[in-house]
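**Student:** predicted model follows, preceded by the sequence.
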Amino acid sequence: MARIELVDVSLRDGNQSLWGATGLSTAHCLEAAPLLDRVGFRALDFTSSTHMGVAVRTFRENPWERIRLVRAAMPNTALQFITTGFRFISWQTSDAEFMRLVYRRLVANGLTRFAVIDPMHDMDALLECARMIRAEGGTEIVAGLTYTVSAIHDDAFYAACARRLAASPDVDRLYVKDPAGLLSPERVRTLIPAVQAAIGRMPLEIHSHCTIGLGSLTALAAADLGVAALHVAVEPLGNGTSLPAATRMVANLRELGFSVDIDDRALALAGGFLTRLARAEGLPAGLPQEFDAAFLRHQIPGGVVTTMQRQLKELKLAERWPAVIEEVERVRAELGYPIMVTPFPQMVCTQALFNVIGRERYANVPDEIVRYVAGRFGRPTRPVDPHILERILARPRAAELMNEPPPPTLEELRRRFGAGVHDEELLLRAVMPAAQVDAMLTAGPARRRYNPELAPVLALLRGLSCRVVPDELVVDKPGFRLALRRAACRDS
Amino acid sequence: MIIRRLFVANRGEIAVRILRTARRLGIETVLGASDADLDSVPARLADRCQRLGTAPAAKSYLDIHSVVGAARAAGADALHPGYGFLSENAALARACQAAGILFVGPEAQTLDAVGDKLSARRHALAAGVPVVPGGEAESLEEALTAARRTGWPILIKAVGGGGGRGLRRVDEPADLQAQLELAITEAHAAFGDPRVYIERFVADSRHVEVQILGDGHDVVHLGTRDCSVQRRFQKLIEEAPAPLLAAPLALRLAGAGLAIARQLHYRGAGTVEFLVDRDRDAFYFLEVNARIQVEHPVTEMVTKLDLVAEQLAVAAGVGLRNSQAQVEVRGHAIECRINAEDVARDFRPSPGRITRAVFPAGRGIRVDTHVEAGSVVGPFYDSLLAKIIVHAETRAAAVERMRGALAACRIDGIKVSTALHARILADPEFCRGGVDTGYLGRLLAPAAA
């Protein structure tokens, strides 16, 4: 019976796809960690620079502390950091020594597995990043082949990339990363064998989102073709625009005759906890998706869809969503078909949003798009539309950005923030507004415990404490009595 | 290894405490229970319940054969002994090992080394830690010689005793022979070991202990606890950190705790107990409790660590998860042990049915209990019903919070010790902090007279 492993992406990609990366605090992760640790996953896709930024911005929690605590709470499962190379939290590229320090601190805090991708398929850049991570102590480096649908991204293209990656001593495994869920079972049946032929015995994993309902079938087809591991997410963080749900995937694999070394009880406990958490916090559970032919055109990954819809809603422009989608397709074509993987979907979508809500197209251009067309992110897979290029570079802001100094070196940052600042704080201060880092430090250590059953009661108590209530309040029902009395305690 | 099914070989609040952590960690639980406890709160909380035997502890919780047999039948891969009963019994640790079950506690040889109190004293001395002057007392002559060295009054202690059990105070030489004979008889009956030793009785001393956590290689301390509020060597109120303890002395105590733990290559959670001489700024090693301690929650409150989870991690072979630098003591915590006792009648046990149980809740308040309305407190086991634990930024705020918590606590149907705790919490001497072990006796004396 063929053995297959599972990689869980709940806390990172699941959280990003379904909950905009803002769903989980340190306490949430810490409660889920020991349960996930018992399931028997090969690894856990745990964090990224985006998530680390969210920890600071949204939760005022130290992301380095979160890594340390979760590492301690789940000692048996490798924790993964996903990176697109020379970027940390900010969209701007960082200095090489700076990135070395980022990786060194990640390893020091217990991350061992690194997923490395380059959205331009610049294999030189990817391998340089892998080399750097290896030098800083990463023990399992998984290089990504980012899947997209275009005229040039055929099986031979991926096989050639895979061959180069597999030849590197700094790459341990490969994975087909399909962030938009475009990969169909039919295409997998030609793509996987082509890649396998190029990489020999190097293990291959598949990461296929469920955005248009293809993820599970595609992953199962890949399993049949002998991939080593499938990426899944624990309910309620599976399905939707996330990865296939773990429980059903385990059942399907066993049904198809695979041996899957997963502790079903632990998986059910982890799913139960995350489901109760989602309910208590008002976070949506992923649902199985219907096929959507139009999506094959615009290709926006799940997390970005959620974020954009939220932004439109905040602008009271929710009804413009279809127009934005259509514009995304045009912008992407004009920009030379960047692969829709972080940070490009965010950039393309922001431009599309500006084009839809602005007075004319490209009247407003975010700095990142200017940098992109100026080649700061690497060479686009296909040249940028010359009219658009000219229009963007003619902007006064473009001249300013072209003359931008290179990213600050570590030495410069140390001078700027003072020698006494700890490396981990320095890395955050270098890429985040001071007020956010200060707020995080002021907030003190993160909470470590979270009980979803208690959340509604605490919300009730908080609500009551905000308004004028009698000195005594009693909730009485059969088998339950809650009596609240106004006490003279100083800080309660 | 990963612990998947844990057998809890204990009862009462500590069984509930262990079950809660196991459940949080996703570990399946099986509770070993006597006939008296088959309907208890812990029996209901556990995933499964396995009968150990009849109600008397000797026939159930103290029966190694029965405990290990039940754990084996349950298919458990680990066994947590809690505190009391067989928790420090090396024979249980060995029987577990023979049965292929992980014992959540120190290694058997460590239990041997600290279970014999004379051996524990030798280890302390080897670690460079002072012990209370005293020595072996196999015969009256030997005891008299030792007492001449230490001075009077003295304490006779059982070599196999501990936790405040098997102690006798002797004030003058004339009483020694009778007391020694009684002590030897008692020690034999209670601990299966007739050997006793003597120690000088240090008046005006405090009971301060250091929580340690080791993995067999490294060891950290989790700060001090003060357990000086005692009655007949039984603790009633505990605090962390120990109040009014000069920082250098606290550091020396922690260092001594670590030295002893290192000397023992200690694995697991443990407590090193010291006697602190208030006048001389000196301290003496008392004993090592090689298990989770009743008062562990005060340490948990100030360190934000789950000691049961740390025990399980160390037992599963995970190295220490916190370096000493990462252990941070914040604020102050106090614990009150609520016992089923009639304080007015010399703390006589007060069994019966609890008709009403209301426990306090709120910020900085924690209650560890195993009783609820309808629970029956039987005559077979100790009288601990609940531990009320509070945490606040300062000791004064913690004292105030505890007063509020005690006022909100109500247990009807049996006599409980809550009012005594409220009285202590209102007493100026206690509120100043740093009382000695004679404090409670003095507080109670006028009432008794």
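**Tutor:** Yep, it's here.

**Student:** and the strands in the stretch 101-250 of chain B, which stretches?
**Tutor:** For the stretch 101-250 of chain B, strands defined by DSSP state E, counting those that start in this stretch occupy the ranges B:102-103, B:134-136, B:154-162, B:165-170, B:196-200, B:205-215, B:219-231, B:234-240.

**Student:** what residues does the stretch 1-150 of chain A put near chain B?
**Tutor:** In this structure, the stretch 1-150 of chain A approaches chain B at residues A:E31, A:P34, A:L35, A:D37, A:R38, A:R68, A:A72, A:P75, A:N76, judged by CB under 8 Å from any CB of the partner chain. The way it works is simple: take the backbone N, C-alpha and C, and place the C-beta from them, glycine included.

**Student:** try the stretch 201-350 of chain A
**Tutor:** A:D263, A:R265, A:A266, A:L269, A:A270.

**Student:** helices - which of the residues of the stretch 1-150 of chain A next to chain B land there?
**Tutor:** A:E31, A:P34, A:L35, A:D37, A:R38, A:R68, A:A72 (DSSP state H).

**Student:** so the first one sits against A:R449, correct?
**Tutor:** What that stands for is A:E31. Yes - here A:E31 lies in contact with A:R449, judged by CB atoms under 8 Å, at a distance of 7.1 Å.

**Student:** the two: which is more packed in?
**Tutor:** A:E31 (24 against 11; other CB atoms under 10 Å in any protein chain shown).

**Student:** for that one, give me its contacts.
**Tutor:** Counting by CB atoms under 8 Å, 6 or more residues apart in numbering or on different chains, A:E31 touches A:F273, A:L277, A:R449, A:Y450, A:N451, B:R24.

**Student:** try it again with 7 Å
**Tutor:** Neighbouring residues of A:E31 by CB atoms under 7 Å, 6 or more residues apart in numbering or on different chains: A:F273, A:Y450.

**Student:** get me the contact residues on the stretch 251-400 of chain B for chain A.
**Tutor:** Contacts of the stretch 251-400 of chain B with chain A, taken as CB under 7 Å from any CB of the partner chain, map to B:K304, B:V318, B:R321, B:G362, B:R363, B:A397, B:E400.

**Student:** can you rerun that using 6 Å?
**Tutor:** With CB under 6 Å from any CB of the partner chain as the criterion, the stretch 251-400 of chain B meets chain A at residues B:K304, B:V318, B:R321, B:G362, B:R363.

**Student:** which residue packs closest to the second one, ignoring adjacent ones?
**Tutor:** With CB to CB, 6 or more residues apart in numbering or on different chains as the measure, A:P75 is the residue that lies nearest to B:V318, at 4.6 Å, once sequence neighbours are left out.

**Student:** what secondary structure does whichever residue of the stretch 301-449 of chain B sits closest to chain A sit in?
**Tutor:** Residue of the stretch 301-449 of chain B nearest chain A, by CB to the nearest CB: B:R321 (3.9 Å). Put simply, B:R321 is coil when judged by DSSP: H, G, I helix; E, B strand; the rest coil.

**Student:** the longest helix seen in chain B packs against which elements?
**Tutor:** Among the segments of chain B that qualify as a helix by DSSP H, the longest is helix B:173-191. Packed against helix B:173-191 by the contact rule (3 or more CB pairs under 6 Å, 6 or more residues apart in numbering or on different chains; DSSP states H and E) you find strand B:154-162, strand B:165-170, strand B:196-200.

**Student:** and the ones you listed: which comes nearest A:V149?
**Tutor:** The minimum distance between A:V149 and the helices and strands packed on helix B:173-191 falls on strand B:154-162, with 72.6 Å, by CB to CB.

**Student:** contacts for the helix or strand harbouring B:L444, please.
**Tutor:** According to DSSP states H and E, B:L444 maps onto helix B:439-448. The contact list for helix B:439-448, computed with CB atoms under 6 Å, 6 or more residues apart in numbering or on different chains, reads B:V229, B:R231.

**Student:** ok, back up a step: include mean neighbour count when you put the strands of the stretch 101-250 of chain B into JSON lines, please.
**Tutor:** JSON lines is the format used below for the strands of the stretch 101-250 of chain B (neighbours: other CB atoms under 10 Å in any protein chain shown):
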{"stretch": "strand B:102-103", "mean neighbour count": "23"}
{"stretch": "strand B:134-136", "mean neighbour count": "18"}
{"stretch": "strand B:154-162", "mean neighbour count": "23"}
{"stretch": "strand B:165-170", "mean neighbour count": "18"}
{"stretch": "strand B:196-200", "mean neighbour count": "24"}
{"stretch": "strand B:205-215", "mean neighbour count": "25"}
{"stretch": "strand B:219-231", "mean neighbour count": "23"}
{"stretch": "strand B:234-240", "mean neighbour count": "24"}
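
**Student:** want to try a markdown table for those, with distance to B:P349 as columns?
**Tutor:** Below are those laid out as a markdown table (distance: least, CB to CB, whole Å):
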| stretch | distance to B:P349 |
| --- | --- |
| strand B:102-103 | 31 |
| strand B:134-136 | 32 |
| strand B:154-162 | 21 |
| strand B:165-170 | 16 |
| strand B:196-200 | 27 |
| strand B:205-215 | 24 |
| strand B:219-231 | 14 |
| strand B:234-240 | 12 |
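
**Student:** mean pLDDT for these: which is lowest?
**Tutor:** When those are compared on average pLDDT, strand B:165-170 comes out lowest at a mean of 84.

**Student:** now distance to A:E205 too, for the helices and strands packed on helix B:173-191, in JSON lines please.
**Tutor:** Below are the helices and strands packed on helix B:173-191 laid out as JSON lines (distance: least, CB to CB, whole Å):
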{"stretch": "strand B:154-162", "distance to A:E205": "55"}
{"stretch": "strand B:165-170", "distance to A:E205": "59"}
{"stretch": "strand B:196-200", "distance to A:E205": "64"}
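
**Student:** out of those, flag the one nearest chain A.
**Tutor:** Distance to chain A, taken as CB to the nearest CB, is lowest for strand B:154-162 among the helices and strands packed on helix B:173-191, at 31.9 Å.

**Student:** angle of that closest one against strand B:196-200?
**Tutor:** Taking axes from the mean of the first three to the mean of the last three CA atoms, to 10 degrees, one finds that strand B:154-162 is oriented at 130 degrees with respect to strand B:196-200.
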